[in-house]
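Participant: any chance you could fold what I've pasted below:
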Amino acid sequence: MSRRIAINGASGRMGRELIIACGQRDDLTLVAAFASPDSDQLGIDAGRLAGIAEIGIELSGSNTMADTAFDVLVDFSLPEPSIAALEVCRAQKAAMVIGTTGYAREQQAAIDAAVADIAIVQAPNYSAGVNLSLDLVRRAASALGDEVDIEIIEAHHRHKVDAPSGTALKLGEVAAEATGRDLDECAVYARQGHTGARERRSIGFSTVRGGDIVGEHTVMFAGAGERIEITHKASSRQTFAGGAIRAAVWAAEQGPGRYDMNDVLGLG
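Facilitator: Have a look, this model is predicted:
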């Protein structure tokens, strides 16, 4: 059965890739593509916006979302419009796939509450490779424990507005949980000047922003005499878009609850 899918944030880099990814599947139908009500691209055919053939779906303002019926919404927008979209999904009992990051605590609390009513897949990264990397990081951190220093380095394009990336933070959370730490207490996001010796149980983050880097993440386990690095590099946003669309089709079949890509991929 074909599922009706809508995209929020369709005019952005990931939104355009999602439009392309939708066209590569026959088990869903793209019914709407939303962008900011202030966008100067409203009214443009979504296919043409994505650089493919016209598909008969015009880019609409997200303020009209409640007027469109859909089974699942994929959201790669910004925190504020994402939360507005969440309320529309709750009203329609539609599933939601969330790729937006950078939420404030109260915004994340709203998402947490909504899982009682609808199926929500929330992941910082929809690449199968990244999610396998998370599993590898968990295993490495558990095995190495406090015998190594853990550092996370991430790089993205110059237009990314939040730092560290959601994926980097998730990698940190996994490493912290595996070693019995609280990331809120042990994370170090900046070093400058005379910082003193490194605390063994801290987890450091380094951020690079530049050019058109799609996404690179490395978790470094630095010990005495050896270093282990787990690295994922993305060269195309279709890696993420295809995973998000796969998650959308899966989510449309689920009951209310919180899910992540481990659930979608059957990784347990």
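
Participant: residue 186: what's it in contact with?
Facilitator: Residue 186 makes contact with 176, 199, 201, 202, 203 under the criterion C-beta atoms under 8 Å, 6 or more residues apart in numbering. In short, each C-beta sits where N, CA and C put it, glycine included.

Participant: quick one: contacts for residue 142?
Facilitator: So residue 142 contacts 178, 179 (C-beta under 8 Å, 6+ apart).

Participant: and for residue 261, the neighbour number?
Facilitator: Here the number of neighbours of residue 261 (other C-beta atoms under 10 Å) works out to 24.

Participant: same check on residue 195?
Facilitator: By other C-beta under 10 Å, the residues close to residue 195 number 10.

Participant: nearest residue to residue 9 other than its sequence neighbours?
Facilitator: With sequence-adjacent residues excluded and distances taken as C-beta to C-beta, 6 or more residues apart in numbering, residue 9 is closest to residue 77, at 3.4 Å.

Participant: tell me which residues touch that neighbour, please.
Facilitator: By C-beta under 8 Å, 6+ apart, residue 77 lies in contact with 8, 9, 12, 15, 62, 85, 100.

Participant: quick check: phi and psi on the second one?
Facilitator: Put plainly, it is residue 9. Torsion angles at residue 9 (phi, psi; degrees, to the nearest 10) stand at phi 90, psi 30.

Participant: contacts for stretch 39-56 next, please.
Facilitator: Counting by C-beta under 8 Å, 6+ apart, 7, 10-11, 16-17, 19-20, 23, 30, 33, 35, 57-61 sit against stretch 39-56.

Participant: go on, stretch 170-177?
Facilitator: Against stretch 170-177 from outside (C-beta under 8 Å, 6+ apart): 123-125, 133-134, 137-138, 141, 150, 152, 164, 182-183, 186-187, 203, 205, 217, 219.

Participant: tally of neighbours for the residue lying closest to residue 238 once chain neighbours are set aside?
Facilitator: Distances taken as C-beta to C-beta, 6+ apart place residue 17 nearest to residue 238, at 5.7 Å, with adjacent residues excluded. Neighbours of residue 17 under the rule other C-beta under 10 Å: 21.

Participant: what's the helix or strand hosting residue 17 packed up against?
Facilitator: Assigned by DSSP states H and E, residue 17 belongs to helix 13-22. The contact analysis (3 or more C-beta pairs under 8 Å, 6 or more residues apart in numbering; DSSP states H and E) places helix 13-22 against strand 3-8, strand 28-35, helix 46-49, helix 238-251.

Participant: and it, average pLDDT?
Facilitator: Here helix 13-22 scores 94 as its mean pLDDT.

Participant: same check, this time on stretch 239-256
Facilitator: pLDDT averaged over stretch 239-256 gives 94.
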